[in-house]
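>>> Sharing a model prediction with you, sequence too.
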Amino acid sequence: MNTSHYHGVDHHVGNTPLIRLRRLSELTGCEILGKAEFMNPGGSVKDRAALGIILDAEARGFLKSGDTIVEGTAGNTGIGLTVIGHARGYHSVIIIPETQSREKHDLLRILGAEVLIVPEQPYSNPHNYNHVARRMAEEKGWFWANQFDNTANRLAHYRTTGPEIWEQTNGEVSAFVSAVGTGGTLAGTALYLKERNPHIVVGCPDPYGAAMWSWFTKGNTDTNDGDSFAEGIGQGRVTKNLEGIAVDVAWRIPDQDALIILYQLLREEGLFLGLSSGINVAGAVRMALEHGPGHTITTILCDSGANYKSKLFNSEWLEAHGLRADVPVETLLESYRKR
């Protein structure tokens, strides 16, 4: 048997479908399309960064079979590093804040990662999960993935996500919308698309309590305007992956807006997604309404809702945090039209 055509999961990252969000497209008159990143082997868009970082480290001689990868992560990059790391012969140690969902903590352990749960601390604190990972790498001789400032992250999106969107839309993409965690997805994809067509509009929907809206609109990193339950996005500083990147428009997206989108997609489109996807799609809807009908707007469906069942899809949790799942999406769009 010729096995040269068959590969492990590390060869099946990317090339995800671009899914038409039917109802939102109908309501806005634009084609709103979501990149189905939950279909990657590790279940999220972060598989792209994980694979890109690992391949770059191998090429530079920083990783060899049997080595250990250590990373500080909100969960999905850790999952990606663990899944792809197993496929390529590495161990993983994941440092994750206690504020992330229980499902992510449990899944990382099931996948075989060594998991260290630490208190949530800002980046300026030496006990921030990223600094813990860096110190462990230095002390033990492990490879630190450093997803926030390792530009192999954004290069992975420049080489894959951007070209895929361009090809899947036959070059007709009008806009790209992405929230920021590390900045790799927004930066790498936008760089590629802008090279192909500088008229493509790039937008950043930012949760409350994050700094990117302030950075892109005011040039500062002010975060004193609220908070969000979104995991994996919400950056407080300009990472190396974001250096030199500008966007055309940015918005503050409340969790309630994103939740309305999530439940509409679940009930009418059969898409079960996490809150970051809701924030991205809310941004795509705002882009559509601000630019008018006839445009093709693309965004990222970051991950499945499976890792957030105990929160976003738990009626008791929603009620305790003053969030509603029963608001019609038409009500949200009408509020956007009035702004």
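Looks like it came in fine. Residues are numbered from 1 along each chain as shown.
>>> separation between residue 250 and residue 338?
Using Cβ to Cβ, to the nearest Å, we find residue 250 at a distance of 20 Å from residue 338. Quick note: C-beta positions are derived from backbone N, CA and C, even for glycine.
>>> Same drill for these two, tell me which one is more crowded.
The residue with more neighbours, out of residue 250 and residue 338, is residue 250; 21 against 6, by other Cβ atoms under 10 Å.
>>> and the more buried one, what are its bridge partners?
Beta-bridge pairing for residue 250 (DSSP bridges): residue 204.
>>> distance of it from residue 206?
Here residue 250 is placed at a distance of 6 Å from residue 206 (Cβ to Cβ).
>>> residue contacts, the residue nearest to the spatial centre of the chain?
Nearest to the mean C-alpha position of the chain, by Cα atoms, centre = their mean, lies residue 302 at 4.9 Å. By Cβ atoms under 8 Å, 6 or more residues apart in numbering, the contact set of residue 302 is 37, 38, 44, 45, 76, 232, 233, 273, 274, 276, 277, 280.
>>> Looks like the fifth one contacts residue 40 (just checking).
No - in this structure, residue 76 is not within contact of residue 40 by Cβ atoms under 8 Å, at 9.7 Å.
>>> Is residue 225 in contact with residue 211, as I believe?
No - contact criterion Cβ under 8 Å: residue 225 and residue 211 do not qualify, at 9.9 Å.
>>> which of the two has more neighbours?
residue 211 (20 against 12).
>>> ok, of the contacts of residue 302, which come out buried?
Neighbour-count burial (16 or more other Cβ atoms under 10 Å) applied to those gives 37, 38, 44, 45, 76, 232, 233, 273, 274, 276, 277, 280.
>>> With pLDDT and distance to residue 85 as added columns, please give those in CSV.
Shown next, in CSV, are these (pLDDT from 0 to 100; distance: Cβ to Cβ, whole Å):
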residue, pLDDT, distance to residue 85
37, 98, 19
38, 98, 20
44, 97, 15
45, 98, 17
76, 93, 14
232, 87, 19
233, 91, 23
273, 98, 25
274, 97, 22
276, 97, 23
277, 98, 25
280, 98, 27
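>>> Out of those, list just those in helices.
76, 276, 277, 280 (DSSP state H).
>>> export those to a markdown table and tack on distance to residue 240?
Output for those, formatted as a markdown table (distance: Cβ to Cβ, whole Å):
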| residue | distance to residue 240 |
| --- | --- |
| 76 | 20 |
| 276 | 21 |
| 277 | 25 |
| 280 | 22 |
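>>> circling back: out of the buried ones among the contacts of residue 302, who's nearest residue 124?
Ranked by distance to residue 124 (Cβ to Cβ), the buried ones among the contacts of residue 302 are led by residue 233 at 19.3 Å.
>>> Quick check, the closest one in contact with residue 179.
Yes - with contacts counted by Cβ under 8 Å, residue 233 reaches residue 179, the gap being 4.3 Å.
>>> Need the overlap of contacts for these two.
With Cβ under 8 Å, 6+ apart as the test, residue 233 and residue 179 both reach 206, 207, 276, 279.
>>> residues in contact with the third one?
Pointing back at residue 276 there. Neighbour list for residue 276: 179, 181, 230, 231, 232, 233, 302, 303 [criterion: Cβ under 8 Å, 6+ apart].
>>> Between these, which sits nearest residue 196?
Residue 196 lies nearest to residue 179 out of these, by Cβ to Cβ, at 22.1 Å.
>>> Next, count neighbours for the closest one.
Residues near residue 179, counting by other Cβ under 10 Å, number 34.
>>> Check for me that it belongs to a helix.
No - counting by DSSP: H, G, I helix; E, B strand; the rest coil, residue 179 is located in no helix; its state is coil.
>>> my read: it touches residue 203, true?
No - using Cβ under 8 Å, residue 179 is not in contact with residue 203; the gap is 9.7 Å.
>>> Find the residue closest to the residue nearest to the centre of the chain in space, skipping its chain neighbours.
For residue 302, ignoring the flanking residues on the chain, the nearest one in space by Cβ to Cβ, 6 or more residues apart in numbering is residue 276 at 4.5 Å.
>>> With that, I have no additional questions.
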